[in-house]
Structure formats: structure tokens, C-alpha cells
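**Student:** okay, here's the prediction I keep looking at, along with the sequence it came from:
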Amino acid sequence: MKKLVSLVLAVALIMTAMAMVSVAGASGEKITLTFLDISPREARATYYNDVFARYTAEKNPNVTIEYEEVPWDDAHTKVVTMAATNDLPDLLNCSPGWITEFKDSDWIASLDDYVADSGITDTFVGSMKTIFDKQVEDYGHIYIIPDGLTTSCIYVRADWIKETLGIEYTELIDEGWTWERYLQLCHELTDPEKGRYGISFRGGMGSVDRITEYMMAMRSEPGVMWANTDNMDELDYLYNTEEDVTLLNEYLSLYWDGCAPTDAVNWAFVEMVDNFCGGLTGTLFNDMEVVASILASDLTEDQWGVLPVPSAMDGRIFMGVNGNTYSYAISNQTEYKDEAWDVLSYLYEGTNNADYCKIMTLFPLSLSATEDPFFGEDGPMAGFLYEINSPDLWKAESTYGPSPEVTQIDLYDGTAELQKVLLKQESVEDFLAWYDDHITEATKTYFEENPEQLERVDQIFGKVEPYATSRDAVSIK
């Protein structure tokens, strides 16, 4: 009997040792993770390839990360196709506007436990807690982590303003920086004989965002987008009233009156930025990533500046972009979630986030990175720092509602319809009616399938928390 017990114990010890060897072998397994970048450019590719190589060298020699990219215009279609064929990358950039669709389809993983267990929140700026809390409130879980924080502003040619108006561009704030004043400035800076146009007008992809941001600020009830929200059957997207017809005509007149070149009907991000940096246009409404292009251009420091988004009728600043434009997510189709999280968290260690945000001209999330002078009051981001700490800043959670279908309507179908209006092939009234019908139908369908989300339609706008609680509002540079 003793011999039998000894034999059983010996076998057990051998099996335990074999299991330990097996675990050790698994932990030492060499794997390759894929990362998909949906907004590629040479500088980003260089950064990611470098940081991933350092991760392998410094953190885990058994993990290699392959960088892949897809152009932004094709990104949503590409990612959806990959997800449908169970071929998602392990890690990916994604737009915050994709969260509803991707989490409903179970394509991206919940990051709640990773965020809680890692304590990463303690290393982030103050406003990140609000961003995480908002995700939990809206979606039940944390699904994405921003790559950096951004806000929109009005880029201006400071030298044109001084030459034309005889004032420093910052004096426009003291005069009352409203949307009416901005439209007036676009006309004042237009001088075709000098080859100058007042605005980098967006007529291509993303153009609908610009017009709705103007209209939601200029309506007699700023920020109100929906009517009859208590009754889903009567839910109706506004922006289709006589007031909206007037407002849209006013904004589109910037193009019709020649404040932009005729080919601006096709301009999207690249064309708008190139023509501002190249000296053809005097203002540009966009987010912070444009700074990188300006710093790489021939424009000198005294030739350009940044003003806040103009104020609405009630003095508030409304914008559709304030927070993050791109975020990191972990695929639910990967078998290496823990390894993917380790790579994701490494992007915020040391100077990694600061290095990335300098390339992309974003505000970093890592508290330590905010000490870098590049992001301070004397750096090129000063104008944005002024705005992101403004007590009057309000952000749209979604300009169009929570339905994932609105991305298609906004970026693709809506762009084509709006271009017809710009070319006088369709009336403003017909465009607004078309847009109202499509947005309302998509949103009603979404709420019929997700009735618990109906209350979100009244929460489109929210007060923006300060970028970091340790920073006070600063004077604009």
C-alpha cells in the first residue's frame, strides 16, 4: 500500500512538473500581434514601428507587433469587412463614433478590468476620468482609450488680419468672437486679385459636420437637435425649419460668394490644410492635428495663430470635436487580449504618449507628458489650451444621434447631397428635408431595437471638464 501511495505521489509530482513546464513554455511562446492604423501617414508609421520595436526589446522579446494601415476614407468599410470574416487585427485604432456598432456586434473587448487592475487612470490627466465615466454610462463598459485629446479651433493668418484690419488677431476675442464675426472675417480676408480667399471651405467628406456645428450654435435654441423626445413615434430631427434654411444659406454663401476657390466643393481634410499652409486661404476650421502640418510648412510663427471656435447665441462654445478623434481598442477576436493590453498600456509609459502627441499635435493623456513645454502656454498648442479650459465649452456627444448608420449618412451620402446644393443642383430646403428624413428614420430604427437608449437623445451635449484640474485657463498666445 505504501508503495502504491508513493507511486501515486511520484506520478502526481511528475504531472505537476510537466504542467509547470507547459505553462512556462506557453509564457515563453513567441507570438505576433497585428495593429491596424486607420489614419496613416508617414510620421505615424515611423512612430508606431519604432515604439513597437522598443516594446519587443524592452518589455517582451516574445511579442512582435506588425503595423498595418488603411486610408481613413476606406477604414470603416475595411474594418467591418475584417470583423465579418473574423479577421480583425489584435489591436486597432477606431473612431469613437464606431463604438455603438462595434460593441453591439461584439467586435471589441471590454477594458474595464484592465483599466481597474492596472491603475492606469491614476497616470492620466483629470478629464480622462470623465471620458471613462461617460463610456460606462452610455455603453455599460469601457471599450476604447483615446490616443490623445483634441479640440477644434479656427486657424487664422495673423499677418493677413494685421494687414487688412490693422489689428492683432487676438483682438478679435475682445471684440466679441461670435459666428457672425467669423463669417464677416472670411469676407474681409477674401481678395482674389491677391490670390487670397477667406476660408478653407470644406465641400468634400466631413462637410456636413461643419454645417451642423454652425447651425447648432446659431439656432435660437443653441444645441437643441431633437423634437418630441418623450414619444419615439414623434421623434423628429430638427434642422429642417425655416430658421435652419436661413442659417444654411448664410453658411453656404461663403462658397457662393467666392470666399473660397470654386474647387473647394471637393475639399476634404488634406486639401483644406494644404491650401491654408500654402497661402491660398486665410482661415481654417479644424482640430489640433493641423498644427503638425503648419509646423512642417513654410509659415513662420508670426504668420498664423489659433482662435477658439466662435461662440453661440447664448455665449457658449459648441463643438462636435472635443475629446478624442481616434482611440485604441482590443479586438474580441484575438486570443491574446492580455498581451494586446500590455502593448496598449506601453503606449502611455515614459515619453511614449508625449512623443506621439507631438507628432499628431494632440494633448497627451499622461500627466508626466503635460510638463513638456511643447504643450504649455508658450508652445504651439497655447491657443488650444486656452479653449480646452474654457468654462463655456460644451461638446456634442453625437451631432446626429447614437445610431451607427448615421456615419454612412453623414460622411458619404450627406456629402454627395450637400455638394449638389453647393453646385445649385438641389435646393437648401430639399437637402434639409432629405437629411431630416434619413437621420430620423435611422434613429427611430435604432431606438426600436435599443429602447433603453432613448434617454440618450436628450444628452447630446455635455459640459466639458477641464483638460487637467491643475491647469487654469490661460491667456491666448
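**Tutor:** Received, thanks.
**Student:** does residue 403 touch residue 104 like I think?
**Tutor:** No: if you go by CB atoms under 8 Å, residue 403 and residue 104 don't touch, sitting 10.6 Å apart. To be clear about C-beta, it is placed using only N, CA and C from the backbone, and glycine gets the same treatment.
**Student:** between these two, which one's more packed in?
**Tutor:** Legend: neighbour count by other CB atoms under 10 Å for residue 403 and residue 104, higher for residue 403 (23 against 13).
**Student:** ok, the residue lying closest to residue 282 once chain neighbours are set aside to residue 65 distance?
**Tutor:** Using CB to CB, 6 or more residues apart in numbering and skipping residues adjacent in sequence, the residue nearest residue 282 is residue 189, 3.7 Å away. Computed as CB to CB, to the nearest Å, the residue 189 to residue 65 distance reads 46 Å.
**Student:** for residue 262, same thing?
**Tutor:** Per CB to CB, residue 262 is found 45 Å from residue 65.
**Student:** quick one, which of those two is more surrounded?
**Tutor:** residue 65 (24 against 11).
**Student:** buried stuff in the helix or strand hosting that one?
**Tutor:** Assessed by DSSP states H and E, residue 65 sits inside strand 63-69. Residues 63, 65, 67, 69 are the ones in strand 63-69 that count as buried (16 or more other CB atoms under 10 Å).
**Student:** identify all contacting residues around it.
**Tutor:** With contacts defined as CB atoms under 8 Å, 6 or more residues apart in numbering, strand 63-69 is touched by 30-38, 40, 45, 48-49, 52, 55-56, 89, 91, 339, 342-343.
**Student:** centre of the chain to that strand, how far?
**Tutor:** Centre-to-centre, strand 63-69 and its host chain are 23 Å apart (CA atoms, centre = their mean, to the nearest Å).
**Student:** which residue ranges of the stretch 151-300 of the chain form strands?
**Tutor:** 226-227, 236-237, 283-287 (DSSP state E, counting those that start in this stretch).
**Student:** OK, contacts around residue 419?
**Tutor:** Counted by CB under 8 Å, 6+ apart, residue 419 has contacts 203-204, 207, 265-266.
**Student:** got TSV for these, with distance to residue 422 too?
**Tutor:** As requested, the contacts of residue 419 are exported to TSV (distance: CB to CB, whole Å):
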residue	distance to residue 422
203	5
204	10
207	8
265	5
266	10
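**Student:** from those residues, which would you call buried?
**Tutor:** 203-204, 207, 265.
**Student:** select the helix or strand of the chain having the lowest average pLDDT value.
**Tutor:** One helix or strand of the chain scores below all others by mean pLDDT, DSSP states H and E: helix 2-27, with a mean of 37.
**Student:** and the gap between residue 145 and residue 197?
**Tutor:** As defined by CB to CB, residue 145 lies at a distance of 39 Å from residue 197.
**Student:** equivalent analysis for residue 178, please.
**Tutor:** Applying CB to CB, the value for residue 178 to residue 197 is 22 Å.
**Student:** more neighbours: the two, which one.
**Tutor:** Each of residue 178 and residue 197 has its neighbours counted (other CB under 10 Å); residue 197 has more, 24 against 17.
**Student:** returning to what we had before: contacts for the next helix or strand after the least confident helix or strand of the chain next, please.
**Tutor:** Moving toward the C-terminus from helix 2-27, the next helix or strand (DSSP H and E) is strand 31-37. Strand 31-37 has contacts (CB under 8 Å, 6+ apart) with 44-45, 48, 52, 62-70, 79, 89-93, 334, 336, 339-340, 343.
**Student:** any idea of the mean pLDDT for stretch 95-106?
**Tutor:** Averaging pLDDT along stretch 95-106 gives 88.
**Student:** how about the helix or strand containing residue 113: buried residues?
**Tutor:** Assigned by DSSP H and E, residue 113 belongs to helix 112-118. Counting neighbours by 16+ other CB under 10 Å, one finds that the buried residues in helix 112-118 are 114-115, 118.
**Student:** could I get those as TSV with pLDDT and distance to residue 376?
**Tutor:** Converted to TSV, these look like this (pLDDT from 0 to 100; distance: CB to CB, whole Å):
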residue	pLDDT	distance to residue 376
114	96	31
115	94	28
118	93	28
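**Student:** related to what we said a few turns ago, just the buried members of the contacts of strand 31-37?
**Tutor:** 44, 48, 52, 63, 65, 67, 69-70, 79, 89-93, 334, 336, 339-340, 343.
**Student:** I'd assumed residue 125 was in contact with residue 362.
**Tutor:** No: when contacts are counted by CB under 8 Å, residue 362 is not listed as touching residue 125 (11.8 Å).
**Student:** neighbour-wise, which of those two wins?
**Tutor:** residue 362 (27 against 22).
**Student:** and the spatially closest residue to the more buried one that is not a sequence neighbour, how many neighbours?
**Tutor:** Nearest residue to residue 362, sequence neighbours excluded (CB to CB, 6+ apart): residue 148, at 3.0 Å. For residue 148, the count of nearby residues is 25 (other CB under 10 Å).
**Student:** state the pLDDT value of residue 148.
**Tutor:** Looking at residue 148, its pLDDT stands at 88.
**Student:** and the buried residues of helix 112-118, which is closest to residue 97?
**Tutor:** Checking those against residue 97 by CB to CB gives residue 115 as the nearest, at 21.1 Å.
**Student:** the closest one contacts residue 141, doesn't it?
**Tutor:** No: using CB under 8 Å, residue 115 is not in contact with residue 141; the gap is 9.8 Å.
**Student:** quick one: end-to-end distance for stretch 294-308.
**Tutor:** 17 Å (CA to CA, to the nearest Å).
**Student:** mean confidence score for that stretch?
**Tutor:** Mean predicted confidence for stretch 294-308 is 92.
**Student:** also stretch 36-44?
**Tutor:** 92.
**Student:** distance between that stretch and the chain's centre?
**Tutor:** With CA atoms, centre = their mean, you get 14 Å for stretch 36-44.
**Student:** so where's the chain shaky on pLDDT?
**Tutor:** Applying pLDDT under 70 to the chain flags residues 1-27, 223-238, 319-324, 395-402, 407, 411, 453-477.
**Student:** quick one, domains of this structure?
**Tutor:** Listed by automatic domain parsing, the domain ranges of the chain are 30-148+324-372, 150-322+380-463.
**Student:** okay, and the common contacts of residue 362 and residue 125?
**Tutor:** Shared contacts of residue 362 and residue 125 (CB under 8 Å, 6+ apart): residue 149.
**Student:** so residue 349: helix, strand or coil?
**Tutor:** Following DSSP: H, G, I helix; E, B strand; the rest coil, we place residue 349 in the coil state.
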